[in-house]
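Undergrad: coords please:
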Amino acid sequence: ATRNLEQDMEEAKVSFQNKTLALQRSQLMDALRNKIKQNDQDSRLIVETLKHIVELTSAVLEYQQRARENEQKLNDIKMKRLSLKKAGRQKLLEIHGMKAKQKEEQGKMNTSEIMEKIYHNFKKERDITTVIQNVFQNIIIASRVNWAEDPTLRAIVLRLEKNV
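TA: This next block holds a predicted model:
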């Protein structure tokens, strides 16, 4: 019960202070209006002060608006920077992928090129061997030696007849 009473008492104090402040503001405004209506030196100073206060308030509002606009521009720039950063990362990943593909293709091409060179070398060696065999056969035939009777020459000539 005491807590409720203390709480009610606190609420009443706050309410009283708010009402007192509102009353004082009303009284002050009424006193200022009456003083301005008198149209003397003090009233002119009050009017000038009020005009100056209005000008300052307008300037503060204008600067606050500019600050909000600048904050919005800054946020837009940050968002754009973030999107560019994401796009840059994506492009970097694409570039890495393309490089990996190129290396793989080069590896394949290198393998195929090596195989092609080996094939050409083999073909060249086979052609040279065939020419040497033909020359050797022609030498044996041109020498008019009876190669059929000599078992060593016969083996050589028959071996030369086989496909390289």
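Undergrad: for burial, what's the neighbour tally of D42?
TA: Neighbourhood size, D42 [other Cβ atoms under 10 Å]: 11. All C-beta spots, glycine's among them, are computed from the backbone N, C-alpha and C.
Undergrad: so it touches K35, yeah?
TA: Yes - if you go by Cβ atoms under 8 Å, D42 and K35 touch, sitting 6.2 Å apart.
Undergrad: what about V145, which SS state?
TA: Of the three states, V145 takes coil under DSSP: H, G, I helix; E, B strand; the rest coil.
Undergrad: contact partners for it?
TA: When contacts are counted by Cβ atoms under 8 Å, 6 or more residues apart in numbering, V145 is found next to L153.
Undergrad: any idea how far I53 is from it?
TA: 134 Å (Cβ to Cβ, to the nearest Å).
Undergrad: can you check K37 too?
TA: Distance from K37 to I53, by Cβ to Cβ: 19 Å.
Undergrad: can you list the weak-confidence ranges in the protein?
TA: 160-164 (pLDDT under 70).
Undergrad: ranges for the helices of this protein?
TA: With helices called from DSSP state H, the chain shows them at 2-38, 41-142, 151-161.
Undergrad: most tightly packed of those?
TA: Comparing those by mean neighbour count (mean count of other Cβ atoms under 10 Å), helix 151-161 comes out on top with a mean of 12.
Undergrad: CA atoms only: put that one into PDB for me.
TA: Extracted in PDB, the C-alpha atoms of helix 151-161 (Å, rounded to 0.1, in the frame of the first residue of the first chain):
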ATOM      1  CA  PRO A 151      71.300 -69.300 -93.500                       C
ATOM      2  CA  THR A 152      72.400 -66.000 -91.900                       C
ATOM      3  CA  LEU A 153      71.800 -63.900 -95.000                       C
ATOM      4  CA  ARG A 154      68.500 -65.800 -95.600                       C
ATOM      5  CA  ALA A 155      67.300 -64.900 -92.000                       C
ATOM      6  CA  ILE A 156      68.400 -61.200 -92.600                       C
ATOM      7  CA  VAL A 157      66.600 -61.000 -96.000                       C
ATOM      8  CA  LEU A 158      63.500 -62.700 -94.700                       C
ATOM      9  CA  ARG A 159      63.400 -60.500 -91.600                       C
ATOM     10  CA  LEU A 160      63.800 -57.400 -93.900                       C
ATOM     11  CA  GLU A 161      60.700 -58.500 -95.800                       C
END
